[in-house]
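this is a predicted model, with the sequence first.
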Amino acid sequence: MSTGFKVLSLTDRAADRIKAIMAEADRPIAGLRVGVRNGGCAGMSYTMEYAEAVKPGEDVVEDRGVRVFVDPKAVLFLLGTEMDFTTNKLASQFVFNNPNQTSACGCGESVAITPVSADRVPARA
């Protein structure tokens with residue numbers, strides 16, 4: 001399901017990395033599925049997986065030539081998030097610049113996220 005607003009956006013680096021990953025996949029991939037799950041020392045962590053097709057109720061974000069499917073349970077946690085890809089001397093990783101994130105654990109594997117209240121959700125087109 002597409003919305004009149006983007007739940008999340010991608011930087012050029014994130015889009016380029018997703019395109020490269022999809023090109024190396026061993027099966028046809030329609031896009032990347034993003035969500036959140038409970039776990040980790042801060043309470044939640046981001047999830048990503050290959051998506052062969054959109055699932056019912058998912059938001060579809062098309063940005064910079066990439067399709068990202070957002071788990072419906074994650075929309076209020078991800079609203080306004082920018083997905084980036086960073087590389088430094090020790091790691092290369094996707095990074096979520098999420099305005100709803102209130103804290104993160106020291107290891108960087110989990111976060112605390114406050115969902116957007118229903119009165120702050122933009123109207124769908």
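Looks like it came in fine. All values derive from a computational prediction rather than experimental measurement.

contacting residues for Ala30?
Ala51, Glu52, Ala53, Val54, Arg67, Phe69 (Cβ atoms under 8 Å, 6 or more residues apart in numbering). Every residue, glycine included, has its C-beta placed from N, CA and C.

possible to save the residues you listed as TSV with pLDDT and distance to Asn88?
Formatted as TSV, the contacts of Ala30 follow (pLDDT from 0 to 100; distance: Cβ to Cβ, whole Å):
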residue	pLDDT	distance to Asn88
Ala51	94	28
Glu52	93	32
Ala53	94	34
Val54	94	33
Arg67	95	28
Phe69	96	28
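
what is the nearest of the residues you listed to Leu8?
Top of the list for closeness to Leu8, among the contacts of Ala30 and by Cβ to Cβ, is Phe69 at 11.0 Å.

what packs against the one helix or strand that closest one maps to?
Per DSSP states H and E: Phe69 is located in strand 66-70. If you count contacts as 3 or more Cβ pairs under 8 Å, 6 or more residues apart in numbering; DSSP states H and E, strand 66-70 packs onto strand 8-10, helix 12-23, strand 31-38, strand 59-63.

so how far is it from its chain's centroid?
Put simply, strand 66-70 sits 8 Å off its chain's centre (Cα atoms, centre = their mean, to the nearest Å).

what residues of that strand count as buried?
Val66, Arg67, Val68, Phe69, Val70 (16 or more other Cβ atoms under 10 Å).

cool, and stretch 68-80?
Val68, Phe69, Val70, Asp71, Ala74, Val75, Leu76, Phe77, Leu78, Leu79, Gly80.

which pair of these spans the longest distance?
It's Phe69 and Gly80 that sit farthest apart of the buried residues of stretch 68-80, by Cβ to Cβ, at 17.6 Å.

circling back to that earlier point, need the buried residues of strand 66-70 in JSON lines (columns: distance to Ile21).
Compiled in JSON lines, the buried residues of strand 66-70 are given as follows (distance: Cβ to Cβ, whole Å):
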{"residue": "Val66", "distance to Ile21": "10"}
{"residue": "Arg67", "distance to Ile21": "13"}
{"residue": "Val68", "distance to Ile21": "12"}
{"residue": "Phe69", "distance to Ile21": "15"}
{"residue": "Val70", "distance to Ile21": "18"}
